[in-house]
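Q: give me a model of this one.
(one chain, ligands or ions: 1)
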Amino acid sequence: MEKSLMEFLFSWQSMSTMLASIMVMQTAITNFRQFLPPGFERCVRDFLSKVIQTAINYFLYLLPSKFQRFVRDLLLSFTCESRGTIVIKEDDNSYSNDLYDAAHSYLTSQCLFSPKVFNFSKHKNSRKIIKKMGSNQSFEVTFEGVKVQWSLQQSSNDQSSSDIGRNNSIHHSLELSFDEQHVQKIHDSYIPHIVEVYESIRFKNRQRRLYTNRLGSPGGWRPMPFVHPSTFETLAMDKVMKTEIQEDLKRFIGRKDYYTKAGRAWKRGYLLHGPPGTGKTSMIAAIANFLDFDIYDLELTGVYSNSSLMNLLINTSSKSVIVVEDIDCSLDLSNRKKKKKKKKKVEPGRKRSSSGVSLSGVLNFVDGLWSCCAGERLIIFTTNHKEKLDPALLRAGRMDKHIQLSYCGIDGFKILTKNYLGIEEHEVIKKVEKVLPFVKITPADIAEIFMSSDGNAEIALVNVVEEMERRLKKVGDSEVVAEAFIDPTWENFKARYASQATRKLHQLQVIFRARRLLGFGLRRSCQNTVATSIGTSAGYGKFRGRIRGSKLKAYGIVDFDMQDEFDDFKGVTKVIRASPGSRPI
Ligand SMILES: Nc1ncnc2c1ncn2[C@@H]1O[C@H](COP(=O)(O)OP(=O)(O)OP(=O)(O)O)[C@@H](O)[C@H]1O
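A: As a prediction, the model looks like this:
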């Protein structure tokens with residue numbers, strides 16, 4: 001204790017001596033200015049200013065933070081220069097300050113070339129090492145011959161606030177001080193230069209961010225590094241659909257002028273819907289990676305009013321994806337017209353939403369006047385129950401593209417075997433291809449089987465086929481005990497059969513092939529089959545059929561071979577993909 005007091009006094013004593021010497025030198029320079037060679041005075045003043053800066057950095061930490069600023073300004077005044085100061089706060093009336101971000105990035109880029117020691121950090125989950133200026137450190141930059149001193153200040157807000165979590169939050173500000181005679185240059189050239197540098201480096205070496213809404217954070221968003229390995233290559237889904245989405249995204253980002261010309265905000269809404277585990281979240285990550293965008297993951301239950309929601313929207317930046325996952329669980333967004341007055345039951349295991357945000361708040365969020373306040377942005381909602389959403393939310397202009405992610409198809413299965421097992425061709429894949437349209441199995445289920453097979457590809461494939469057969473059998477067993485079913489339209493079908501195009505026959509074959517896989521008597525089933533409701537279009541047919549006695553019902557899209565006319569059941573009909581709900585019942 002005694003020792004540190006001595007150190008303190010000694011430090012202040014040294015400082016006082018040094019300041020006194022500097023003052024003497026300053027006076028000498030001022031008095032003998034006319035005898036000095038040109039430029040010499042400037043050199044000496046610069047030297048003294050540097051000495052004072054170093055002294056400030058060295059001694060200032062000894063003071064309580066409240067006095068640091070005052071003492072610093074006082075000490076700087078000893079350089080006999082009138083100093084101009086610009087303060088750039090991290091947030092301005094709860095709006096995040098873009099200039100702060102710009103200055104911060106600019107300084108980070110400058111720090112990289114500095115031999116000085118700065119703060120090094122590495123965020124959790126990030127590979128990047130960040131080197132930046134620490135609080136109360138200062139850093140000198142020369143811009144077009146003008147020396148600018150930067151420092152980072154930190155203050156805590158201990159005023160009480162109505163917002164939970166806002167108390168005692170830390171606020172940062174960057175201060176730049178410079179010789180007052182250069183104020184014009186700083187305003188007109190240096191500040192725009194900072195913004196320019198920021199824009200150019202922003203999308204280059206930046207660490208992409210995932211933002212989550214949190215009260216008390218600047219702009220309401222809390223950033224963290226975004227690293228997710230999901231890409232369109234690793235996504236298990238239909239090839240055609242995948243290409244279509246990529247094309248849509250490319251078209252969207254390349255159409256700034258088009259949107260302006262059309263008088264529309266440069267944004268696009270996607271609704272991802274489908275059962276759990278079909279890859280909705282993975283697709284969001286793949287989209288963000290594809291576009292190189294940040295993600296704003298909006299948790300609606302943490303937003304207490306429509307105005308807070310607007311505030312969050314305003315504080316999102318361009319080139320970002322705004323995501324609301326499981327929208328139907330966050331709010332009551334059901335069809336307003338169908339709404340009944342009685343209180344809605346909450347599904348077991350789901351909490352009733354505590355958000356003060358209303359449907360109209362969300363509609364305005366997606367498509368209101370404020371929605372065009374930044375550059376290109378993608379708004380993605382996900383749900384497991386599209387039917388629960390109000391049509392107003394689903395209309396084009398809000399949710400422009402509806403993407404259904406369904407159970408695993410053969411394209412998806414091949415991608416999973418490639419990703420998880422490193423296999424692209426295998427006998428088992430052919431077998432799976434036949435079964436898959438009739439099995440409800442998600443990519444998440446398959447991924448889990450692959451992962452739990454200890455890296456042994458053969459075992460993994462056997463396990464996945466076993467699981468598919470088990471699922472088929474489970475459905476089949478329940479059917480066996482089902483009551484015999486006599487379809488009243490069978491006679492009609494028989495009568496019409498001869499005049500129908502062969503395609504119907506082939507469409508039926510798909511069902512029979514499925515039956516064979518199920519292990520039921522194929523030929524007998526054939527005798528008792530009825531097909532109904534067949535719609536076709538260029539080479540593809542939708543089929544729906546029932547098999548008497550087992551109540552097999554399947555919906556699907558198949559291709560068919562028109563050359564195989566009336567050659568009963570010999571032609572091979574390949575199932576391209578089953579439509580959602582394609583299953584034996
Ligand atoms: N289409 C897919 N392609 C690749 N992997 C997938 C796919 N679908 C699911 N997975 C795997 O399953 C896991 C869960 O998937 P994901 O979270 O994307 O599903 P989800 O549809 O968002 O589910 P939920 O509706 O429950 O949020 C992921 O970690 C991913 O590895």
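Q: can you list the residues of the stretch 51-200 of the chain near the ligand?
A: With the criterion set to CB under 6 Å from any ligand atom, the stretch 51-200 of the chain never comes near the ligand. To be clear about C-beta, it is placed using only N, CA and C from the backbone, and glycine gets the same treatment.
Q: all strands of the stretch 51-200 of the chain, in order?
A: Using DSSP state E, counting those that start in this stretch, the strands of the stretch 51-200 of the chain run over 83-89, 91-92, 95-96, 119-121, 130-132, 138-143, 146-157, 169-179.
Q: quick check: mean pLDDT across the fourth one?
A: If I follow you right, that is strand 119-121. Averaging pLDDT along strand 119-121 gives 69.
Q: how about CSV for the strands of the stretch 51-200 of the chain, with mean neighbour count added?
A: Below are those laid out as CSV (neighbours: other CB atoms under 10 Å):
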stretch, mean neighbour count
strand 83-89, 16
strand 91-92, 16
strand 95-96, 16
strand 119-121, 12
strand 130-132, 16
strand 138-143, 16
strand 146-157, 17
strand 169-179, 18
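Q: lowest-confidence stretch among these?
A: strand 130-132 (a mean of 65).
Q: measure how buried whichever residue of the stretch 151-300 of the chain sits closest to the ligand is and give me the count.
A: For the stretch 151-300 of the chain and the ligand, the shortest gap (CB to the nearest ligand atom) falls at Gly279, measuring 2.5 Å. Under the neighbour criterion other CB atoms under 10 Å, Gly279 is assigned a count of 24.
Q: quick one: Asn384 from the ligand, how far?
A: Computed as CB to the nearest ligand atom, to the nearest Å, the Asn384 to the ligand distance reads 5 Å.
Q: before we move on, what about Leu331?
A: Relative to the ligand, Leu331 is positioned 17 Å away (CB to the nearest ligand atom).
Q: so that residue makes contact with Val362?
A: Yes - with contacts counted by CB atoms under 8 Å, Leu331 reaches Val362, the gap being 6.7 Å.
Q: compare the two (neighbour count), which wins?
A: Val362 (26 against 19).
Q: the more buried one: which element?
A: Element membership for Val362, per DSSP states H and E: helix 359-367.
Q: what does Arg268 give?
A: Assigned by DSSP H and E, Arg268 belongs to strand 267-273.
Q: name every strand pairing with that strand and say which way it goes.
A: When pairing is defined by DSSP bridges, strand 267-273 lines up against strand 377-383 (parallel), strand 401-404 (parallel).
Q: reformat these as a markdown table; add mean pLDDT and distance to Gly263.
A: Below are these laid out as a markdown table (pLDDT from 0 to 100; distance: least, CB to CB, whole Å):
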| stretch | mean pLDDT | distance to Gly263 |
| --- | --- | --- |
| strand 377-383 | 92 | 17 |
| strand 401-404 | 92 | 20 |
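Q: hmm, back to that, a markdown table please, covering the strands of the stretch 51-200 of the chain and showing distance to Ser217.
A: Shown next, in a markdown table, are the strands of the stretch 51-200 of the chain (distance: least, CB to CB, whole Å):
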| stretch | distance to Ser217 |
| --- | --- |
| strand 83-89 | 15 |
| strand 91-92 | 9 |
| strand 95-96 | 9 |
| strand 119-121 | 18 |
| strand 130-132 | 18 |
| strand 138-143 | 26 |
| strand 146-157 | 12 |
| strand 169-179 | 8 |
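Q: out of those, flag the one nearest Asn384.
A: strand 95-96 (33.1 Å; CB to CB).
Q: how is this structure carved up into domains?
A: As recorded under automatic domain parsing, the domains making up the chain are 1-81, 82-155+167-207, 224-336+354-404, 410-480, 490-577.
Q: alright, I will stop here.
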